[in-house]
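*Asks:* sharing a model that was predicted from the sequence below.
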Amino acid sequence: MFSRMVELLQLIWSALTGPFRSRASREAEIAALRHQLNVLQRQSPKRPTFSALDRLIFVILFRIAPGITTVLKIVGPETVIRWHRASFRQFWRWKSRSRRGRPQVPSDIRQLIREMSLANPLWGAPRVHGELLKLGIDVGQTSVAKYMAKRRKPSSQGWRTFLRNHGDGVAAMDLFVVPTLSFRLLYGLLIMRHDRRRILWLGVTAHPTAEWIARQFTEACGWEEPPTYLIHDRDGAYGDVFKRRLRAMGIRDKPTAPRSPWQNGHCERLIGSIRRECLDHVVVFGEQHLRHLLLSYLEYYNCARTHLALCKDAPISRAVQSIGAIRSTPILGGLHRQYARIQFATGTASAS
């Protein structure tokens, strides 16, 4: 670096003293320099490298006298012009730099804005901005619009929101077959509500008829408010007696399309859970045994089993327990267990 500064000072000194020298001396020096360049170019064919200072000197000389491009030997004229344009861009980039900018939005607030926009698809930037102001977060509305989740489709509610808003008025039912120890076929009847995935009824019979299904459905609703819609398949067991019972209760019958079990997906999934978590692990002796198993599973499913669709809660909501010793209660002979905290009362017995 020191040697380059010395070379720069020598160049400046020669430029200052040059006008005071004789013309013959200057021409001789120029001829000698050109001959040295020819010798170096002939003996050193490798491409030379230039530092930022070297490029700056060439750019300044080009600004003073653009005609120097005709005498350049170790660098091409196009290269000097490219350096000059790059210096021009750098200068104006430095000239127009931002001296003061907006304060950066913290990452936790950016994440909160994104979560609020995803959880509320009908909200725009003004609504999200208003909620942030009510939370004591002072951020500009343009920043809120910048960090909101981008959507390709127009804002609309998702299927999960739609089903959650209409699930309290929808119930579903279906029949499933269970073989016994003697290879006899029994039929189980499942009735569930969509709002909390709650099982209303699990019935067992060897001969499902329309009268039996209608009576089971009436007992399942009990004193509760009946659903508005009932989804079921087109099984022949749902006869005219059953349909008249639904009309009498003010329920609209909604059978699925033929060979379309996916239209009653919640019920089909729940039957699969009953099989995987209960029936696939036991041998059913008879109708009474199957009824006992299904009623035990109904109590476990509604009161203890957590669900992803319910944010890890049970259909009949479980209270969070944080105090007490943890104890487990076996269900279905130990096939499942229910865990709860038990508080032991402590006291002193007084001797008489």
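*Replies:* Received the coordinates, thanks. Keep in mind that this is a model prediction, so the values were computed, not measured. Numbering: from 1, shown residues only.
*Asks:* so Leu186 bridges to which residues?
*Replies:* With beta bridges defined as DSSP bridges, Leu186 has these partners: Val178.
*Asks:* tell me the domain ranges of this protein?
*Replies:* If the domains of the chain are taken from automatic domain parsing, they occupy 47-93, 107-151, 169-310, with pieces of a single domain joined by a plus sign.
*Asks:* ok, the closest residue to Trp201 other than its chain neighbours - contacts?
*Replies:* Of all residues not flanking Trp201 in the chain, Ala220 sits nearest, at 3.4 Å (C-beta to C-beta, 6 or more residues apart in numbering). C-beta here means a position set from N, CA and C on the backbone, and glycine is covered the same way. Each residue near Ala220 by C-beta atoms under 8 Å, 6 or more residues apart in numbering is listed here: 191, 200-201.
*Asks:* pretty sure Ile191 sits against Leu200.
*Replies:* Yes - with contact defined as C-beta atoms under 8 Å, Ile191 reaches Leu200; the gap is 4.5 Å.
*Asks:* and those two? which has more neighbours close in?
*Replies:* In this view Ile191 and Leu200 are compared by other C-beta atoms under 10 Å, and Ile191 has more residues nearby, 24 against 21.
*Asks:* now name the helix or strand holding the more buried one.
*Replies:* Under the assignment given by DSSP states H and E, the secondary-structure element containing Ile191 is strand 185-193.
*Asks:* residues making contact with that strand?
*Replies:* Contacts with strand 185-193, where a contact means C-beta under 8 Å, 6+ apart, come from 167-168, 170-180, 198-208, 213, 216-217, 220, 227, 266-267, 270-271, 274, 284, 287, 290, 294.
*Asks:* can you tell me which of those are in strands?
*Replies:* Secondary structure assignment by DSSP state E places 170-179, 198-205 of the contacts of strand 185-193 in strands.
*Asks:* buried ones among those?
*Replies:* For the ones in strands among the contacts of strand 185-193, burial is judged from neighbour counts taken by 16 or more other C-beta atoms under 10 Å, and it is met by 170-176, 178, 198-205.
*Asks:* just the mean pLDDT for the helix or strand harbouring Leu298, thanks.
*Replies:* Taking DSSP H and E as the definition, Leu298 sits inside helix 287-303. When pLDDT is averaged over helix 287-303, the result is 95.
*Asks:* for it, give me every contacting residue.
*Replies:* When contacts are taken as C-beta under 8 Å, 6+ apart, the neighbours of helix 287-303 outside the stretch itself are 178, 180, 186, 188, 198-199, 202-206, 273-274, 277-279, 282, 284, 314-316, 318, 331-332, 336, 338.
*Asks:* list the buried residues of the strand holding Ile191.
*Replies:* If you call a residue buried by 16+ other C-beta under 10 Å, then strand 185-193 has these buried ones: 186-193.
*Asks:* so which of these comes closest to Phe91?
*Replies:* Sorting the buried residues of strand 185-193 by how near they are to Phe91, with C-beta to C-beta, puts Arg193 at the top with 72.6 Å.
*Asks:* so which residues of the stretch 101-250 of the chain form helices?
*Replies:* 107-119, 125-134, 141-147, 159-166, 210-221, 240-248 (DSSP state H, counting those that start in this stretch).
*Asks:* what are the contacting residues of the second one?
*Replies:* Spelled out, it's helix 125-134. Outside helix 125-134, the residues that touch it by C-beta under 8 Å, 6+ apart are 109, 112-113, 116-117, 120, 123, 139-142, 144-145, 148.
*Asks:* can you check stretch 274-284 too?
*Replies:* Contacts made with stretch 274-284 from outside it, assessed by C-beta under 8 Å, 6+ apart, are listed as 176, 178-181, 186, 188, 190, 290, 293-294, 297, 332, 335-336.
*Asks:* ends of that stretch, what's the gap?
*Replies:* End-to-end distance of stretch 274-284: 14 Å, with C-alpha to C-alpha, to the nearest Å as the criterion.
*Asks:* per-residue confidence averaged over it?
*Replies:* Taken as a whole, stretch 274-284 carries a mean pLDDT of 94.
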